[in-house]
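K.L.:
for reference, the sequence and a predicted model appear below.
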Amino acid sequence: MMEQRLSIEASIDNLDEVNGFVESHLEEAGCSMKQIMQMSLAVEEVFVNIAHYAYSKKDADGKAIPDTGTGPAEIILNADDSKILLTFIDEGMEYDPLKKEDPDTTLAAEDREIGGLGIFMVKKTMDDVSYRYEGGKNILTLTKMR
């Protein structure tokens, strides 16, 4: 199994570098254009969330204030002939995006609660999405079968 790692600051400014890292290694691994596009969208969604919220300060109500902090993030890409694993690790506040209920896509957009659509799309396009909090780190793994 091929493994590649990228350690980077969790900042929106680094999104292009993260996307470039993932896309180049998926091409190297012989992934189809469709797989690369789906993985790239998922990578963007997850990394942007980490950059916005993982290290953010909280307001008086305990809600995260986007883009008020930064810290380390690591992306690990494993690929073999049967699957691609993409793991995101950060040391920010504990947050399990899978706990959020899927949005009710039968409702009109204006009747839906704000947020949750991005991770919903990630869950729809990946074969498996898992989360764990271990050793002070958020670890989110996306699996795409080939």
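P.N.:
The structure has been received and is ready for your questions.
K.L.:
for the most centrally placed residue in the chain, phi and psi?
P.N.:
Using C-alpha atoms, centre = their mean, the residue of the chain that lies closest to the mean C-alpha position is V46, 2.1 Å off. Per-residue torsions, V46: phi -70, psi -50 (degrees, to the nearest 10).
K.L.:
and it, how far from D104?
P.N.:
22 Å (C-beta to C-beta, to the nearest Å). (C-beta placed from N, C-alpha, C; glycine too.)
K.L.:
tell me the pLDDT at L98?
P.N.:
What the model reports as pLDDT for L98 is 89.
K.L.:
quick one, what contacts the residue nearest to it when sequence neighbours are not counted?
P.N.:
Sequence neighbours aside, Y131 is the residue nearest to L98 in space, at 5.1 Å (criterion: C-beta to C-beta, 6 or more residues apart in numbering). Contacts for Y131 (C-beta atoms under 8 Å, 6 or more residues apart in numbering) come out as 96-98, 138-141.
K.L.:
what do you get if the cut-off is 10 Å, keeping everything else the same?
P.N.:
88, 94-99, 138-141 (C-beta atoms under 10 Å, 6 or more residues apart in numbering).
K.L.:
likewise D128?
P.N.:
Contacts of D128 (C-beta under 10 Å, 6+ apart): 83, 85, 141-145.
K.L.:
that one bridge partners, please.
P.N.:
Applying DSSP bridges to D128 gives these bridge partners: T143.
K.L.:
re the thing from before, where's the residue nearest to L98, which helix or strand?
P.N.:
Take DSSP states H and E as the rule and Y131 turns out to sit in strand 128-134.
K.L.:
can you give me the helices in this structure?
P.N.:
Applying DSSP state H to the chain gives helices spanning 15-28, 33-49, 117-125.
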